[in-house]
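Engineer: Got a predicted structure plus its sequence, pasted below:
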Amino acid sequence: MEIFSNILIYFVIVPVLTLAGLALCSNKGIKAIRTVAVTGATVLVAMAIYLVHLFLQARGAGDTSEMILRTDVIWFAPFNIKLALGVDGISVVMILLSAFIVFAGVFASWKMNPLPKQFFLWFYLLSTGVFGFFISIDLFTMFMFYEVALIPMYLLIGVWGSGSKNYSAMKLTLMLMGGSAFLMLGLIGIYFHSAADGNLTMNVLEIAQNNAIPHEWQMWLFPLTFIGFGVLGAMFPFHTWSPDGHASAPTAVSMLHAGVLMKLGGYGCFRIAIYLMPFAANELAWIFLTLTGVSIVYGAFSACVQTDLKYINAYSSVSHCGMVLFAILMFNTTAMTGAVLQMLSHGLMTALFFALIGMIYGRTHTRDIRDMGGMMTIMPYLGVGYVVAGLASLGLPGLSGFAAEMTIFFGSFEHNDMFRRVLTIAATCSIVITAVYILRVVGKLLFGAVQNEHHRELTDASWEERLSTATLMISVAVIGCFPNFFINIISDSFLPVVKALGAMI
Amino acid sequence: MPLSYTIAVVAIPLLMFFFLGLAGVKMDKKLTGVLGVIGMLITTILAYGVALTYFFGSDQGQMADGVRQAVVVCNPDWLSFTQTLVVRMGIMLDPIAAMMLIVISTVSLMVHLYSLGYMCDHHGHAEKGFQRYYAFLALFTFSMLGLVVATNLFQIFIFFEMVGLSSYLLIGFYYQSPAAVHASKKAFIVTRLADLFFLLGIMILSYYTGTFDFHQLVFGSNGANSLEVAQSAIATSGGATFLGCSVMAWALTFIFIGGAGKSAMYPLHIWLPDAMEGPTPVSALIHAATMVVAGVFLVARLFPLYVIEQGAMDIICVTGAFTAFYAAAIACVQSDIKRALAFSTISQIAFMMTSLAVSSADGGLIEIHGGQGLGFMASMFHLFTHAMFKALLFLCAGAIIHAVHSNENSQMHGLHKYMPITSFAFLIGCLAIAGIPPFAGFWSKDEILVACYEKGLGWGIWMSMVAGMTAFYMFRIYFLIFHWKKHEVHTEHAPSDQPWTMTLPLIILAAISIVAGFVPAHDMVTWDGKELHTQLNWTVAGTSVLIACIGIGLAYKMYFKENELPDKLQARFSGLWEAAYRRFYMDELYQFITHKVIFQSICKPIARFDRAVIDGFFNLLASVTGSAAYGIRRLQNGSIQSYVYVYLVGALALAVITMVCVLI
């Protein structure tokens, strides 16, 4: 089969094989389960790095095609559904991000209890969906993998979660499913207008090339798809699943969800909504710019008063993910590149946050900052990790957040109209509010006197916890120190869409 | 020495930071300190080598036609926003950068050495977190050096953030003390707010000029500051205005606000007095000599732009003159020695700002008159001398605090007998800052005053008055600490001079404070790289010395020997005294805005709105669906009779409808 010579398909096959391997393990054989899970994650990381190498090689060799590693296999002929694979710079870095977070997530759930085998099974099913989504460029397969990634969430939170987990799992799943309903309507609409000559297609590239969706239809389909993905991207006012969902989810699931799954939203908004419907995107951008602009400031202000560590982080995600969608809607290469950088940055940093919160919660059995204090003396490693994550979040140079946010701000400011400028300035204000809530948490949680004398007996991070967090910390620093490496991968991929959008003005 | 060694000057502290931060935990505490000092010593030697080569050494492209040029050592791309708008991380030497290298490395080395003694208890055991302390010092030194050698505006912004971080970490060094945590947080957030404006300023400026690079903003083809280049950079805005002011004036004012945050200009000064919660050597390094002058440095860097955009310059001038007076007034009544010194620092930095801002381009002519270029030189010169004597004063204060375990001058008094070396060093610092010849401060302050008198008589008189207040409050502190009355020994150890690691820096800095005034600054750090011919203005010099002597005399009268006069005056002007002591209630105002307005009236309602309205809506949706489903469920009740009943009614209804249709 021709398709097996394409490395991309292995990003789905490896998680599936890991799934199979896990299924073969016995329930009690924790060592075997860990070995299989770690092997799968390591292979994925290696493949992702190799993929970056392949991509750079192809670009270096002068391959300027929009997507590389293209393979089409007909899957369901009546509707022209294909298993269409292909990646550009954006999906390459998204795959890289996902691989690192899966890797860190495996180590963060090292001591998962109860039912470790089942946990990892669902965990890898979720990963399969995520990778499948990023490698495919066919509307149907994308949607299928999207759903594959969503459903395991319900069980992962419902079974392994904490607090009011049933409510949260139900809320999260239903709200995201509601988003998918919009999305499906949108996708069907796109399909039926995908070609003017009747050769309907599901392939994103072909649809974009045909550019056949009538303008009056775009005005309907664009909001449907944008909101559909926007729900997952925690766009105001569809973000309320995020605080509850994250608060109840187990550590690795929070990591994967905030780190990767929420990126599916931003990626989808760009790849499907904006790319395929540039006319409506231009016409309706102001509505969504306002909503995302509100997200940024609103999330940051809400985070200032939370007392639960996970709620703080969930609202902070609303703010940071708002920035992703905000930048995507700015329709120029700089801001959109910044959006992808922000996805990378937010993914790694939030995963790091959730990993650390999980580790602290596992020791103290509380996430309320009012009950904790002086953790830096007790667990210096986790404390330093938390400070690093916090600094990345508030945009300190040398860590990922700074490069991403600055690219977004300067890109957004390229527009000369008052509306976008005022919104940009409002978004810029978030850097101060972010500093306020991050330093508030750091001050209360890590510094000061020890609040609870029992906490003095707690231990610092174990080796697998160190490995998990160190991976993320180093990744955050690498992006922050060498942003141009990533920008070079990403920015060219935005040229087609920027051109399409420019042609509309 | 090749100028490219500057790379090593910047890189060594960074490596020291990583080395001490990562490996230091496993090492002996004292060893990490010694390694830190050695690393800093190498850095200092290289920095001196590079700076002296730049000023006096063989030509490596830094001199052309008697003009000192900016030399770019390296300038790699770091972050590309667009093809043309690129952030670079470079190293550039020009007169003020070279001077700053000397300032930073000298003070940093002194502080590194001093801390070996200061960060130990009385038995000579190193404090907890000793390695961390030295790692952070190295991080700060790296950030500050990176700031001054920046080749572009955005790089300065990046290092503004980095010095802010190091300052945060070092103020909060005693992280178990709530006061220190609070102070560090306050410092970071206030300067971050200022940096927000800085960022907006850069955004506006770069939008019109399309560059961050100093070589396209301010440096002419001869590599020195050029008004023509600045003029054309300003002109790129095409005269665009916003709310009645030109956009460039907005941009430059915003950039100044960024600098004002770091340099503690009113009303963004509130973080600096609190920052004194950090270890005293840190206050000497960061909050007296180096980081707090970053704002002055920034304005000096963009000097040609400000000179042309006179509106922004006027704002700086007024802010500076007001801050100088305001801080000096507060410094006159503070009882905490470090706080008093902190307000003195604010006042002195305001001197530098004002001095920069009194320059103006004359009537559209692209030329600064000799006298007006003086302000720039005087400001930079004062920056240099002030760094030396203020670091000296702070390190003396540290020695005293280390000896008596208190910051309050009521716990000190009469220490001259016990700590003679510290006393003499402190006296030299006081004479220098008061502007008594031949100490360093006299020369630089005199030139600032000359520049101010050239702008206008009012400015000159105002600043002379502040200079007099400076002499008064410094000698007030000096007399209260070292004289006033006999020292009451509370503990079994009488206070004494400190170990050599702490005393040696005092002696070195005192020596520099005596001679630094003779550095030929008018030849070295002029705005256009050319030599500036100055001569002592006897009228101004004479007056300022006279005013300083009056200030000292007044302090002598009031504070040398214990007497009733200060208490009487305090009772007589109790309202004024109280207001000054409480810093004119600026902290209370900020407290009100942050807690009552922002936290209680913005954050809390938003969070409540989110839970109640937005989340409430989705919960309502869910419960409506739930109850609807509950209602519909009734239909499926499993009772055959009711099914048949519904079936029959339905069939009947259909039959009726059909018949009606047929009949009609």
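Structural biologist: On my side now, so go ahead. Numbers count the residues shown, from 1 in each chain, chains lettered A, B, ... in the order given.

Engineer: so how far is stretch B:203-220 off the chain centroid?
Structural biologist: With C-alpha atoms, centre = their mean, to the nearest Å as the basis, stretch B:203-220 stands 23 Å off its chain's centre.

Engineer: does it come close to chain A?
Structural biologist: Yes - contact check for stretch B:203-220 against chain A, using C-beta under 8 Å from any C-beta of the partner chain: residues in range are B:203, B:206, B:207. Every C-beta, even on glycine, is put in place using the N, C-alpha and C of the backbone.

Engineer: I'd like to check what contacts the strand ranked longest in chain A. Which residues are they?
Structural biologist: Of all the segments assigned as strand in chain A under DSSP state E, the longest by residue count is strand A:68-76. Taking contacts as C-beta atoms under 8 Å, 6 or more residues apart in numbering or on different chains, the residues outside strand A:68-76 that touch it are A:1-3, A:6-9, A:54-55, A:58, A:81-88, A:140-141, A:203.

Engineer: Pull out the buried members of those.
Structural biologist: Among these, those scoring as buried are A:6, A:8-9, A:54-55, A:81-88, A:140-141, A:203 (criterion: 16 or more other C-beta atoms under 10 Å in any protein chain shown).

Engineer: so of those, which ones are in helices?
Structural biologist: Of those, the ones assigned to helices by DSSP state H are A:8, A:9, A:54, A:55, A:140, A:141.

Engineer: Looking at the third one now. What's its pLDDT?
Structural biologist: What it means is residue A:54. With respect to pLDDT, residue A:54 has a value of 91.

Engineer: Show the backbone phi and psi for the residue nearest to residue A:205 when sequence neighbours are not counted.
Structural biologist: Excluding its sequence neighbours, the residue lying closest to residue A:205 (C-beta to C-beta, 6 or more residues apart in numbering or on different chains) is residue A:137, at 6.1 Å. Residue A:137 has phi and psi values of phi -130, psi 30 when expressed as degrees, to the nearest 10.

Engineer: Give me the distance between residue A:137 and residue A:270.
Structural biologist: The gap separating residue A:137 from residue A:270 is 13 Å, by C-beta to C-beta, to the nearest Å.

Engineer: picking that back up, ok, the ones in helices among the buried ones among the contacts of strand A:68-76 vs chain B, which is closest?
Structural biologist: Each of these was scored against chain B by C-beta to the nearest C-beta, and residue A:55 proved nearest at 18.3 Å.

Engineer: Check whether that closest one really touches residue A:91, as I assumed.
Structural biologist: No - counting by C-beta atoms under 8 Å, residue A:55 stays clear of residue A:91, with 9.5 Å between them.

Engineer: Just the element for the residue of the stretch 251-400 of chain B found nearest chain A, please.
Structural biologist: Distances between the stretch 251-400 of chain B and chain A by C-beta to the nearest C-beta are smallest at residue B:254, namely 10.7 Å. Using DSSP states H and E, the secondary-structure element containing residue B:254 is helix B:247-262.

Engineer: after that helix, next one along is what?
Structural biologist: helix B:271-274.

Engineer: Who are the packing partners of that next one?
Structural biologist: Taking 3 or more C-beta pairs under 8 Å, 6 or more residues apart in numbering or on different chains; DSSP states H and E as contact, the helices and strands that helix B:271-274 lies on are helix B:178-209, helix B:337-357.

Engineer: could I get those helices as a markdown table with mean pLDDT and mean neighbour count?
Structural biologist: As requested, the helices and strands packed on helix B:271-274 are exported to a markdown table (pLDDT from 0 to 100; neighbours: other C-beta atoms under 10 Å in any protein chain shown):
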| stretch | mean pLDDT | mean neighbour count |
| --- | --- | --- |
| helix B:178-209 | 92 | 23 |
| helix B:337-357 | 91 | 27 |
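
Engineer: Pipe the ones you listed into JSON lines and attach distance to residue B:323 per row.
Structural biologist: Formatted as JSON lines, the entries for these read as follows, by distance: least, C-beta to C-beta, whole Å:
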{"stretch": "helix B:178-209", "distance to residue B:323": "14"}
{"stretch": "helix B:337-357", "distance to residue B:323": "4"}
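
Engineer: Could you double-check that residue A:353 sits in contact with residue A:393?
Structural biologist: Yes - taking contacts as C-beta under 8 Å, residue A:353 lies within contact range of residue A:393: 7.4 Å.

Engineer: Show me which positions of the longest strand of chain A end up buried.
Structural biologist: Judged by neighbour count using 16+ other C-beta under 10 Å, the buried positions of strand A:68-76 are A:68, A:69, A:70, A:71.

Engineer: try stretch A:93-106
Structural biologist: Within stretch A:93-106, the residues scored as buried using 16+ other C-beta under 10 Å are A:93-106.

Engineer: And the residues you listed, which is closest to chain B?
Structural biologist: Comparing the buried residues of stretch A:93-106 against chain B with C-beta to the nearest C-beta picks out residue A:93 as the nearest, at 15.9 Å.

Engineer: Work out for me the element the closest one sits within.
Structural biologist: Using DSSP H and E, the element containing residue A:93 is helix A:89-108.

Engineer: ok, and for stretch B:494-506, which residues are buried?
Structural biologist: Within stretch B:494-506, the residues that qualify as buried by neighbour count (16+ other C-beta under 10 Å) are B:495, B:497, B:498, B:501, B:502, B:503, B:505, B:506.

Engineer: what about it, average pLDDT?
Structural biologist: When pLDDT is averaged along stretch B:494-506, the result is 82.

Engineer: Figure out the length between the terminal residues of that stretch.
Structural biologist: Criterion C-alpha to C-alpha, to the nearest Å; first-to-last residue distance in stretch B:494-506 is 21 Å.

Engineer: Find the residue closest to residue B:204 in space, skipping its chain neighbours.
Structural biologist: In space, and not counting its chain neighbours, residue B:204 is closest to residue B:251: 3.9 Å by C-beta to C-beta, 6+ apart.

Engineer: ok, that neighbour - contacts?
Structural biologist: B:201, B:202, B:204, B:205, B:208.

Engineer: Going by distance to residue B:482, which of those residues wins?
Structural biologist: Within the set of these, residue B:201 lies nearest residue B:482; the separation is 45.2 Å, counting by C-beta to C-beta.

Engineer: Surely that closest one and residue B:252 touch.
Structural biologist: Yes - under the criterion of C-beta under 8 Å, residue B:201 lies in contact with residue B:252, with a separation of 6.8 Å.

Engineer: Just checking the distance from the helix or strand where residue A:38 lies to the centre of its chain.
Structural biologist: Mapping residue A:38 onto the secondary structure by DSSP H and E places it in helix A:30-60. Using C-alpha atoms, centre = their mean, the mean C-alpha position of helix A:30-60 is found 18 Å from that of the whole chain.

Engineer: ditto for stretch A:180-197
Structural biologist: 24 Å.

Engineer: Check which residues of it are buried.
Structural biologist: In terms of neighbour count (16+ other C-beta under 10 Å), stretch A:180-197 has its buried residues at A:180, A:182, A:183, A:184, A:186, A:187, A:189, A:190, A:191, A:193, A:194, A:195.

Engineer: and if you look at stretch A:490-505?
Structural biologist: Across stretch A:490-505, burial judged by 16+ other C-beta under 10 Å covers A:490, A:491, A:492, A:493, A:494, A:496, A:497, A:498, A:500, A:501.

Engineer: which one of the residues you listed is nearest chain B?
Structural biologist: Comparing the buried residues of stretch A:490-505 against chain B with C-beta to the nearest C-beta picks out residue A:491 as the nearest, at 8.0 Å.

Engineer: Helix or strand: which one has the closest one?
Structural biologist: helix A:483-491.

Engineer: report the angle between the axes of the helix or strand that that helix is followed by and helix A:89-108?
Structural biologist: Proceeding C-terminally, helix A:483-491 gives way to helix A:495-504 as the next helix or strand, assigned by DSSP H and E. Direction vectors for helix A:495-504 and helix A:89-108, defined by axes from the mean of the first three to the mean of the last three C-alpha atoms, to 10 degrees, enclose an angle of 130 degrees.

Engineer: And helix A:495-504, how far out from the chain middle?
Structural biologist: Centre to centre, stretch against its chain (C-alpha atoms, centre = their mean), the figure for helix A:495-504 is 25 Å.
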